[in-house]
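# Here is a sequence with its predicted model. Questions after.
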Amino acid sequence: MSDNLKPTPIAHKFFTPGVIFLSVLAANGLVFLLGRFLFGLGAITNLDNQHPWGIWIGIDVAAGVALAAGGFTTAALGHIMHKEEYHVIVRPALLTAMLGYTLVAVSVMIDLGRYYYIWHPLIMWNGTSVLFEVGMCVMIYLFVLYIEFLPIVTERFIGRVNLPGVLKRFNNAIDKFLRVLDKGLNKTMFVFIIAGVVLSCLHQSSLGTLMIIAGPKMHPLWQTPILPLLFLMSAVSVGFPMVIMESIATSKSFGLKPETHILSNLGSMVAPLLGIYLSFKIGDMVIRQTFVYLTEFNTASVMFVIEVVVGIVIPLRMFLSREISKSPTGLFIASILVIFGVLLNRINNFIVAYTPPYQFNTYFPSIGEISVTVGFVALEILFFRVLVMIFPIVSLPFASTLRTKFSIKGV
Amino acid sequence: MAHQTRRDFLKTAAIAGATLTGISSNPTKAAQQNVLSENRMGVLVDTTVCIGCRKCEWACKTAHNLPTQPLESYDDKSVFKSMRRPNDKELTVINEYPARSWDDYPTTVKVQCMHCDKPACVSACIVGAFSKVENGSVIWNGDKCIGCRYCMVACPFQIPAFEFEKALKPDIKKCDFCFDRTKEGKLPACVEICPNEVLTYGPREELVRVAHQKIQLYPKRYINYIYGENEVGGTSWMYLANRHFKELQFPALGGSPAPGVSEAIQHGIFAYFVPPIALYALLGGVMWINKNRKPSDSDSEGRHE
C-alpha cells in the first residue's frame, strides 16, 4: 500500500439528484417484484413454456456473476501475486463482488417458482447437475466474500464501539470480541482468499456448461463444448475493466482524483486477456465452421457480430493504445465496452441463442422484468455508495484521515 | 391426496433434520433414481392407424385429476387447425398433419413425454427431483422441486411445462407414464382408452422387435424408421409413420444422449475433486513464494505475471 493512501470512509452528502433518480428506479423495481410474489411469475414476466428462462437469469444471474469477477481477479493480483501497489483497488473490488453476488443470490431466489425451497440443494444433491454445482459454488463463494469483508468491519469498529443507553455495558465485550476476531481473521485470511479464487474459477466456467445440455436448442454460433472455457476467459478479462469503471465512477461521484497510474497499469493487463479470449472465440468458430451462419442476416448473426466487434475487438485495440490507456476517459470508455461485450455475451448465450424446437412466439422481456433488473442495478449502486461512506474502502490521501492503529495485513 | 402430500412433506422435513444433525438416513422414496432396467416398458405409437379421436387426451386428464370437458366435446376437430403442445393443463395432445394427396389420409400424432433412456431432465435437475425408474417412466417428485425450470431448458423434446400462473407451489407438469396406475398393474390411461390400438404398451426391447417386424411386413405402409429407437440414446415411446418424421415436426436429434457432453465436462472438472484441489495448492504455492519475496522486488517494476 502506498504510504500516503489509506482506505477511509468517505465523508460526503448522501443525497444527490443521481441518488434520488436511482432510488426511484429501485422503488419501481421493488413494486414489480411485489407483484411477482403476489401473483406469480406468469403475471409479471413474459416467460412461458417455450422460454423458461428470461433476463432474470440471463442478465441478473449470468451477467451478474461475470461482472462481479473483479473480486477474484484483483484478489489474485493483489494477494496471490502479491502486487502491493494494487492493494488500493482490492477493497472496492471486493465490495462490488460482495454486493454483486448478494444480488445474484436474490435474483436466483425471485426467479425460482418455489423460492421458499431455495435451501433444498443444500441437502438434496444431484452430482450430475451443472446447476447444482453452480449453485453450491456461488453459495460458498458468497460466504467467503462476507468473510473477506469482515476485516473491514472490524477495522471500522475496533476502538470505536459506542452503543447508546442500556447497551453501553456491552461496549467493552464487543470491542474485545472484534479484536479477537480481527486477529483470527488476519491469520487465516489466506485460506479464504485462495478458496475464493478457486471457487470463482469453478463456477464462472460451470456457468458456461449450463447451456450445453440444451444441445440443438442453442444456436450453433454459441453452442460449443468449450463454452466453460470461454465463460472463464471472458470473466477474467472483464474483471479489471469492471474495477477501472467502478473506480473512475466513484472518483467522479465523490469528487476525488482518479488513481490513473494504477488504473492504466491494470488496463495494460486487459489487452492480453481479451486477446486470448478473442483468439479462442474465433478459433472455435473456425474449427466448428460456424462462420457460415454469419452470412445469414438475422438476430443471432447481428448480435454475435456486435458482441465480438464492439465488445472485444474495439476495446482490445483501445487498451493497446498508449494514449487511451493513459487517460481516465479513454480507460473508462474502453472498460465500458468490455463490460458491454460480456453482458451481451451472457444475454446471447442464455436468451438470444435459445431457440426451442416449437416456438409460437419470441421472447422479449416484459416491463416488469426490465424494471426489476434495472431496480436491482440501481440498488447495488446505492448500497455501494452507502457502504463506502460507512466503511474504510476507498483509499484517500493519508493526511486528511483519522489515524487507526490497526492496519489489516490480510486485506 | 392432500393428506399424502402433507405426510410426504413431514417426511422430507424429518430427513432434512436428520441430515443436518449428521444422522444418516435412507430416504427410499425421496431418493433420486436413474435406472435403465432391461425390462423397462415402452409404448409403440403407430401413427398410421390413429384416427385423431382425442380420447387419450380426455383419459389423460381424467387420470391426472386435471379439469376437463366431457368426453363428447373431444369430437371437435377444430383444435387441429393450429399446432398444440403439451402444457401444464394438457399432458398429451394430438396434432393433425394434412394429407399429402387425394388418396392419402391426414396423419395424426400424439405428443407427450418421450421418457428417454438417458433423460436430460434427470441429469439436469438441481435437486434430483426427476427419476428414471425401473419400469421406464421418468417421474417428477413434487416435494423436492424448487421451480428453477432447468429441466425445461434441458429437455430436447420441449416437454416439461410450468405453472407460471401460480404464486405459490407451482408444479412442473408432464406425462408421468401413468406411474400411479402402472405400479398397480393397470395400463396407462391413454393406452387403455385408445379404440384403434394405436398405442402398444410392452417391454421396450420387444416393441423395437415388433416395430421392425411391422416395417418388414408392410414396407409400403411405413417408412423404414422408428423414431425414438436411437434418438438421444433411445426413448421409451417410439413412433412409426408413413412419412418422414420431419414432416410431422419431430425434432431431428442425433443418437448421443442429451446429457452426454455436459456430464463429461462436469465430471472432468470435478474428477474426484482433484482439479480444484490442485488449483488450490498451486495458488497457495504461488502466494507463499510471492509473500516471501522482498517487498522491493514486487514494487520495483511492472512485471505482472
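Right, received. Where do you want to start?

# Helices of the stretch 301-411 of chain A, residue ranges please.
A:314-320, A:328-347, A:367-390 (DSSP state H, counting those that start in this stretch).

# Hmm, I typed the wrong one, I wanted chain B.
B:2-20, B:55-63, B:120-124, B:150-154, B:179-182, B:189-193, B:204-217, B:260-269, B:274-292, B:295-300 (DSSP state H).

# right, and those - which one's nearest residue A:79?
helix B:274-292 (6.7 Å; C-beta to C-beta). Just so you know, the C-beta spots here come from the backbone N, C-alpha and C atoms, and that holds for glycine as well.

# what angle do that closest one and helix B:260-269 make?
40 degrees (axes from the mean of the first three to the mean of the last three C-alpha atoms, to 10 degrees).

# Any chance of the backbone angles for residue 51?
No chain was given, so I picked chain A. Dihedral angles of residue A:51 (phi, psi; degrees, to the nearest 10) stand at phi -120, psi 80.

# nope, chain B
Per degrees, to the nearest 10, the backbone of residue B:51 is at phi -100, psi 0.

# what residues are up against the closest residue to it other than its chain neighbours?
Leaving out its chain neighbours, the residue that sits closest to residue B:51 by C-beta to C-beta, 6 or more residues apart in numbering or on different chains is residue B:196, at 5.7 Å. Residues in contact with residue B:196 (C-beta atoms under 8 Å, 6 or more residues apart in numbering or on different chains) are B:49-51, B:53.

# Quick check: of those residues, which lies closest to chain A?
residue B:50 (19.5 Å; C-beta to the nearest C-beta).

# and residue A:228, what element?
helix A:227-254 (DSSP states H and E).

# what about that helix, distance to the chain center?
Distance of helix A:227-254 from its chain centroid, counting by C-alpha atoms, centre = their mean, to the nearest Å, is 8 Å.

# could you say what helices and strands it packs with?
helix A:64-67, helix A:70-75, helix A:87-111, helix A:171-209, helix A:260-287, helix A:328-347, helix A:367-390 (3 or more C-beta pairs under 8 Å, 6 or more residues apart in numbering or on different chains; DSSP states H and E).

# Mean confidence (pLDDT) on it, please.
The average pLDDT for helix A:227-254 rounds to 92.

# by how many degrees do it and helix A:260-287 diverge?
150 degrees.

# Now do the strands in the stretch 101-250 of chain B.
Assigned by DSSP state E, counting those that start in this stretch, the stretch 101-250 of chain B shows strands spanning B:107-111, B:130-132, B:138-140, B:161-162, B:172-173, B:199-203, B:237-240.

# nope, the stretch 1-150 of chain A is what I was after
Counting by DSSP E, counting those that start in this stretch, the strands of the stretch 1-150 of chain A are A:5-8.

# Can you name the residue of the stretch 201-305 of chain B nearest to chain A?
residue B:290 (3.6 Å).

# Does residue B:140 touch residue B:175 like I think?
No - if you go by C-beta atoms under 8 Å, residue B:140 and residue B:175 don't touch, sitting 10.2 Å apart.

# who has more neighbours, these two?
residue B:175 (24 against 21; other C-beta atoms under 10 Å in any protein chain shown).

# On the pLDDT front, check the residue nearest the centre of chain A for me.
Closest to where the C-alpha atoms of chain A average out (C-alpha atoms, centre = their mean) is residue A:68, at 1.6 Å. pLDDT recorded at residue A:68 is 92.

# returning to what we had before: what would the helices of the stretch 301-411 of chain A look like in a markdown table with mean neighbour count and mean pLDDT?
Shown next, in a markdown table, are those (neighbours: other C-beta atoms under 10 Å in any protein chain shown; pLDDT from 0 to 100):
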| stretch | mean neighbour count | mean pLDDT |
| --- | --- | --- |
| helix A:314-320 | 21 | 94 |
| helix A:328-347 | 21 | 95 |
| helix A:367-390 | 19 | 94 |
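
# if we can go back for a sec, got a list of what the residue nearest to the centre of chain A touches?
Here residue A:68 is in contact with A:96-97, A:100-101, A:104, A:242 (C-beta under 8 Å, 6+ apart).

# Closest to chain B out of those?
Distances from chain B to the contacts of residue A:68, taken by C-beta to the nearest C-beta, are shortest for residue A:104, at 13.9 Å.

# residues in contact with the closest one?
Applying C-beta under 8 Å, 6+ apart, the residues near residue A:104 are A:60-61, A:64-65, A:68, A:138.

# out of the residues you listed, who has the most neighbours?
Neighbour max across the contacts of residue A:104 (other C-beta under 10 Å) = residue A:68, 29 neighbours.

# Distance-wise, check that one relative to residue B:241.
Here residue A:68 is placed at a distance of 50 Å from residue B:241 (C-beta to C-beta, to the nearest Å).

# Residue A:33 now?
For residue A:33 relative to residue B:241 (C-beta to C-beta), the value is 48 Å.

# Next: residue A:169.
When residue A:169 is compared with residue B:241 (using C-beta to C-beta), they lie 83 Å apart.

# These two: which has the busier surroundings?
residue B:241 (23 against 9).

# how many neighbours does the residue of chain A found nearest chain B have?
Using C-beta to the nearest C-beta, residue A:113 is the residue of chain A that sits closest to chain B, at 2.2 Å. For residue A:113, the count of nearby residues is 24 (other C-beta under 10 Å).

# which non-adjacent residue is nearest it?
residue B:147 is the one closest to residue A:113 (C-beta to C-beta, 6+ apart), at 2.2 Å.

# try residue A:366
Closest to residue A:366 by C-beta to C-beta, 6+ apart is residue A:46, at 4.3 Å.
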